[in-house]
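Student: Just to be clear, the model below is a prediction. Sequence and coordinates:
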Amino acid sequence: MTLNKTMTLLLAGAAVTLSASVAMAQTNLRVFVSSQHRPDVWRKAFDMYEAKNANVKVTIETGGNTSEQQAQYLNTVMTAKDSSLDVMILDVIRPAQYAAAGWTVPFNDTLGSDAANYMKRYLPAYAEANTVDGKVVALPAFADAMFLYYRKDLLDKHGIQPPQTWDELAAAAKKVTEAEKDPNLQGLSFQGKAIEGAVCTFLLPYWSMGKQLVSDGKLSFDKEAAVKSLKLWKDFVDQGVAKKNIAEVATDDTRKEFQAGNVLFAVNWSYAWGQFQGAESAVKDKVGVVKLPAVQGGQPASCLGGWEWGVSAYSNNKTEAQKFVQYLSSPEISEFMAINAALLPQFPEVYTDADVTKAVPWFANAKPVVETAKARPVTPRYNEVSEIIRTTVNGVLAGQSTPEEGATQMEGRLRRVLR
Amino acid sequence: MATVSETTLVTTGNESGTKWWTRFLDPSERTLAVLLLMPAALLLTLIIVYPVCRLVWTSFQNLSLTSGVPATFAGLENYTLMLEDPVFWETTWNTVLITLITVPGALFVGLALALMANLPFNVKWPVRLSLLIPWALPLSFAGLIFAWFFHSEYGVVNDVLRRLGFEGVIWFNSANWAFAAICLTIIWKTSSFMALIILAGLQTIPRSLYEAADVDGAGRIRQFFEITLPLLKPAIVVALIFRTITALQTFDIPFTMTRGGPGTSTATLAMYIHQNTVDFLDLGYGSALAVVMFALSMGVTAVYLRMIRAKR
């Protein structure tokens, strides 16, 4: 009883202090930023906001190395209804989940009746990823997509053009690795470990065959295409194009091995480019980047990435937080982050901005890839869908099950989740 | 004691003496026992009985924190889903297999370690300390360390194999090798705990028994089977109970070494529960899985307890 009373008094005290500080118009915003996305540069963008808004103080919080680890942390904060975070950066697959769970506040009140129009300024895929049932649940922070990186020097040496199809890639990889006789040189590196990246690994050829995984919230699984997709990757391993332990390879392993000069072709996100051009890179100025190959007779497809700013439903400063997010998700900041952190813009016109093309010339080629990249299935149960796909891909690549068995298991388990 | 509390209570309380608490004033030992047990019982209810009941109740509900809708009663739906869930069967089988391999494994290695540690060394502490270190190491640290040992390119295990002229194994790329690596790690980690308990048991065996056996002409091996082993039985059973229950709850080592991969081939039931509750926030299904694991642990404990009773 007394304990309860003390707690109530303390809480009331805290509430009074809080409302007093609001009355004095000093707002403290706590922002969660993924540690792999240049929090140091975001900090500068936050400083610029503080300079213009003397009543707002922004604190930055980072953590986790991967999208899954960050999701785990944010899950804990949100299920505890913790008010300590005001703004959080979310992987593009999560705004729909967070909205369904009631963890984010829609921007519609702030944006007014013009919300749909407001979203038109972004690339269409991001307007779509952040709108759930007509509600704007988050605003885009930056764009991303998967690309094919290749060793320009080696392709030039052997007179090969960047491949248009996966078959051409296999042939090119065999030709170059055989001629180079370097036991450390791998033909192709992609993500085979059971991580989020493996979901894209599966979807790239699947989408390239024109198939969808989910349409209108219902499973539209094409088993034949799934078998072909799994077989495509497994064949790369069996033919020696990819290395035998590809089932252990995560996104950053691909980046590191390519950067060390041990990989001819690599499937990776845009962040790798900046690292390849860094001082410690063995492949500086030897790298080319193009859109990913297609399956024979199919269209090239890339996986849509990117991150979004959401405002916590448990924040005590929702209005201030939303104003701050509108600032972060503006063309000016997009340009600033493109130039200073090489993050791809969520606005079409920023790609052709003179300052941007000067700082990161390859962004001009990246625009069509981002524009045509496909979004992973939008469902509140995405975590389960993702887990099913990535463990199956991992199991097939490790030779644990055949592509046919893998596709059957995947279908059975997906039906249970999306029933 | 009783008189003191009686007087204070009567003077401060009401005079009628017919209230329900008056029977606690009865100074009989039985009531005193109940009173003294009360705090412990209340605490246990709060931290064990209530959560377990709540868990069972949640297992009959549709409760997913990502759905945004409040919990609804689901009856046995979570359990019927479980029966059709191939991953549930796979993880349960993996858990049983880990138990069947690592419990006897740790027992044999632990017994050997204890017998060695019991040899008459001049300086005993280095032996005892090396027995304690694996036991004192957190499970997840052991998992992370061994994940590096078994790494296909940079690991010490493959390095040794290659130096001996064998080909290296890509341990975590195959279900069987990954499983073997996990079992070896668990045995390494847990045999020192077995050894410590068995060592304590060994030291209670009087030296005079061995002296008498020597006089009677019994050899070392005969002494071990006729004296050491029978007298060690109580210690071994205690060690087995603890080890089996923790084996059924195996989580840290496979989680840090393989995350259940390749595919789901090295995932355990505890990892599947964690995944459903923490990653998917599907508390209903996760609770149903936890109820099954609870039943499994209870069943095994009951068998062991029966074994001990039968022995007496």
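Tutor: Okay, I see it.
Student: List the residues that contact the residue of the stretch 201-350 of chain A at minimum distance from chain B.
Tutor: Sorted by distance to chain B under C-beta to the nearest C-beta, the residues of the stretch 201-350 of chain A start with A:Asn245, at 4.6 Å. All C-beta atoms are positioned from the backbone trio N, CA, C, and that covers glycine. Contacts of A:Asn245 were listed using C-beta atoms under 8 Å, 6 or more residues apart in numbering or on different chains, and they are B:Ser152, B:Glu153, B:Ile170, B:Phe172, B:Asn173.
Student: what do you get if the cut-off is 6 Å, keeping everything else the same?
Tutor: Under the criterion of C-beta atoms under 6 Å, 6 or more residues apart in numbering or on different chains, the contact list for A:Asn245 reads B:Ser152, B:Ile170, B:Asn173.
Student: So which of these reach chain A?
Tutor: By C-beta under 6 Å from any C-beta of the partner chain, the members of the contacts of A:Asn245 lying near chain A are B:Ser152, B:Ile170, B:Asn173.
Student: Near chain A, which residues of chain B are found?
Tutor: Counting by C-beta under 6 Å from any C-beta, the residues of chain B close to chain A are B:65-66, B:68, B:152, B:170, B:172-173, B:175, B:261-265, B:279-280.
Student: What about the residues you listed, which are in helices?
Tutor: When the residues of chain B next to chain A are checked against helices (DSSP state H), the matches are B:Ala175.
Student: Any figure for the gap between the spatially most central residue of chain B and B:Ser192?
Tutor: The central residue of chain B, meaning the one whose C-alpha is nearest the mean C-alpha position (C-alpha atoms, centre = their mean), is B:Thr246 at 1.8 Å. As for B:Thr246, its distance to B:Ser192 is 13 Å (criterion: C-beta to C-beta, to the nearest Å).
Student: With adjacent residues omitted, what lies nearest to the residue in chain B that chain A sits nearest to?
Tutor: Relative to chain A, the nearest point of chain B is B:Gly263 (2.5 Å; C-beta to the nearest C-beta). Using C-beta to C-beta, 6 or more residues apart in numbering or on different chains and skipping the chain neighbours, the partner closest in space to B:Gly263 is A:Gly395 (2.5 Å).
Student: what's the neighbour count on the one you found?
Tutor: 25 (other C-beta atoms under 10 Å in any protein chain shown).
Student: Name the secondary structure element that contains it.
Tutor: In this structure, A:Gly395 sits in helix A:382-397 according to DSSP states H and E.
Student: Report the distance from that helix to the chain centre.
Tutor: What separates the centre of helix A:382-397 from the centre of its chain is 17 Å, taken as C-alpha atoms, centre = their mean, to the nearest Å.
Student: From the rest of the structure, what touches that helix?
Tutor: Taking C-beta under 6 Å, 6+ apart as the rule, helix A:382-397 contacts A:93, A:97, A:192, A:194, A:198-199, A:201-202, A:230, A:234, A:246-247, A:377, A:401, A:403, A:406, A:409-410, A:413-414, A:417, B:261-264, B:279-280.
Student: next one: stretch B:66-77
Tutor: Contact partners of stretch B:66-77, identified using C-beta under 6 Å, 6+ apart, comprise A:Gln97, A:Ala100, A:Ala101, A:Gly102, A:Pro380, B:Gln61, B:Asn62, B:Leu63, B:Leu281.
Student: That stretch spans what distance, first to last residue?
Tutor: Across its full length, stretch B:66-77 reaches 19 Å end to end, with C-alpha to C-alpha, to the nearest Å as the criterion.
Student: buried ones in it?
Tutor: Using 16 or more other C-beta atoms under 10 Å in any protein chain shown as the test for burial, stretch B:66-77 gives B:Thr66, B:Ser67, B:Ala71, B:Ala74, B:Glu77.
Student: Report the rounded mean pLDDT for that stretch.
Tutor: Stretch B:66-77 comes out with an average pLDDT of 85.
Student: and that stretch, how far out from the chain's middle?
Tutor: The chain centroid and the centroid of stretch B:66-77 are separated by 31 Å, computed with C-alpha atoms, centre = their mean.
Student: for stretch A:326-346, same thing?
Tutor: Between the centre of stretch A:326-346 and the centre of its host chain there is 16 Å, according to C-alpha atoms, centre = their mean.
Student: Please apply the same query to stretch A:407-418.
Tutor: In terms of C-alpha atoms, centre = their mean, the gap separating the centre of stretch A:407-418 from the centre of its chain is 24 Å.
Student: hmm, back to that, mind checking which of the residues of chain B next to chain A are buried?
Tutor: Among the residues of chain B next to chain A, the ones that count as buried by 16+ other C-beta under 10 Å are B:65-66, B:152, B:170, B:172-173, B:175, B:261-265, B:279-280.
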